[in-house]
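# kindly generate the corresponding structure for this input.
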Amino acid sequence: MRISSVTVGISVSNLAESRAWYEQLLQKPGPDIEPQEGVVEYRVGDTWLQLFEGVVNWNGGIFRIGVPEIHEERSRLVKLGMMPTELEEVPGIVSYCEFCDPDGNRLGLYPVLDRTT
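Residues are numbered from 1 along each chain as shown. Next up is the predicted model:
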């Protein structure tokens, strides 16, 4: 399989409210594309995050975002009232925090680590 792109779709109960919340999270002024009515997409690194209005059906999944400075980003989320967890650490592997969007969809942050050493 040759993969050229990945899109992760998240169902939200109120697209307008979720757009505002995700744009604050991602520090974007608006979606990168609106492929059809009721669907917005944001480029997040090499991945597309798609929001669409529908029945929120939490499936136990989590959308994790790699960031260069996790302490700085976690502090920003705290200031925004997004209530991330304390940083968890898997020694020598990764540290991360988790939080939820207004519909309870799980998200997380982790630092992008240099695995070449």
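
# gap between A20 and P68?
Separation of A20 from P68 (C-beta to C-beta, to the nearest Å) stands at 25 Å. Backbone N, C-alpha and C define where each C-beta goes, glycine included.

# settle it for me: which of the two has more neighbours?
A20 (12 against 8; other C-beta atoms under 10 Å).

# so is that one in a helix, a strand, or just coil?
Of the three states, A20 takes helix under DSSP: H, G, I helix; E, B strand; the rest coil.

# L77: which element?
helix 70-79 (DSSP states H and E).

# list the buried residues in stretch 50-65.
50-52, 56, 65 (16 or more other C-beta atoms under 10 Å).

# do stretch 76-94 as well
Buried-residue list, stretch 76-94, by 16+ other C-beta under 10 Å: 76-77, 82, 84.

# from the chain's centre, how far out does it sit?
In terms of C-alpha atoms, centre = their mean, to the nearest Å, the centre of stretch 76-94 is found 13 Å from the chain centre.

# start at 38 instead
Renumbered: residue one is now 38, and that last one reads stretch 113-131.

# residue ranges of the helices in the chain, please?
Counting by DSSP state H, one finds helices in the chain at the ranges 52-63, 107-116.

# using a markdown table, please lay out the buried residues of stretch 113-131 together with distance to C137 and pLDDT.
Shown next, in a markdown table, are those (distance: C-beta to C-beta, whole Å; pLDDT from 0 to 100):
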| residue | distance to C137 | pLDDT |
| --- | --- | --- |
| R113 | 16 | 97 |
| L114 | 11 | 98 |
| M119 | 8 | 97 |
| P121 | 9 | 98 |
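
# roughly how far apart are the closest residue to P72 other than its chain neighbours and S132?
Spatially, and ignoring its direct neighbours in sequence, P72 is nearest to E78 (6.3 Å; C-beta to C-beta, 6 or more residues apart in numbering). According to C-beta to C-beta, E78 and S132 sit 29 Å apart.
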